[in-house]
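S.K.: Based on what follows, work out the 3D shape:
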Amino acid sequence: MKIASLILFYLSIPFILAAQNRTLSEHIINAETEDPVAGVSVFVSGSVRGTNSGPNGYFE
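M.R.: Next up, the predicted model:
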């Protein structure tokens, strides 16, 4: 049983790691003027990951 559990664990590692590498990118614009908005903080809900939008309103 212990060997089967270890094999299952090692086989699942690539799937666990693949689930962690997601990229989100977009442009943030002012709804009224449609100008890019720089310096906006963007965070993933429920995590500690985040970034800021650049001078053109783009974040990744």
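S.K.: Can you list the residue ranges for strands in this protein?
M.R.: Assigned by DSSP state E, the strands in the chain fall at 26-27, 41-43, 50-52, 58-59.
S.K.: by contact count, what packs against the first one?
M.R.: It refers to strand 26-27. Applying 3 or more Cβ pairs under 8 Å, 6 or more residues apart in numbering; DSSP states H and E, one finds that strand 26-27 contacts strand 58-59. For the C-beta atoms, the positions are set from N, CA and C on the backbone; glycine is no exception.
S.K.: Return the list of strands paired to the strand it packs on, each annotated with direction.
M.R.: Strands flanking strand 58-59 in the sheet, each with its direction: strand 26-27 (antiparallel) (DSSP bridges).
S.K.: can you count the residues close to residue 53?
M.R.: By the criterion of other Cβ atoms under 10 Å, residue 53 has 20 neighbours.
S.K.: so who does it touch?
M.R.: 27-28, 36-40, 42, 59 (Cβ atoms under 8 Å, 6 or more residues apart in numbering).
S.K.: any idea how far residue 27 is from residue 59?
M.R.: Spatial separation of residue 27 from residue 59 under the definition Cβ to Cβ, to the nearest Å is 8 Å.
S.K.: Neighbour count: the two, which is higher?
M.R.: Under the criterion of other Cβ under 10 Å, the comparison of residue 27 against residue 59 puts residue 59 first, with 17 against 12.
S.K.: what's the closest non-adjacent residue to the more buried one?
M.R.: Beyond its immediate neighbours in the sequence, the residue positioned closest to residue 59 (Cβ to Cβ, 6 or more residues apart in numbering) is residue 53, lying 4.4 Å away.
S.K.: What's the separation between that neighbour and residue 42?
M.R.: Relative to residue 42, residue 53 is positioned 7 Å away (criterion: Cβ to Cβ).
S.K.: Mutual contacts of the two, please.
M.R.: Shared between the contact lists of residue 53 and residue 42 (criterion: Cβ under 8 Å, 6+ apart) are residues 28, 59.
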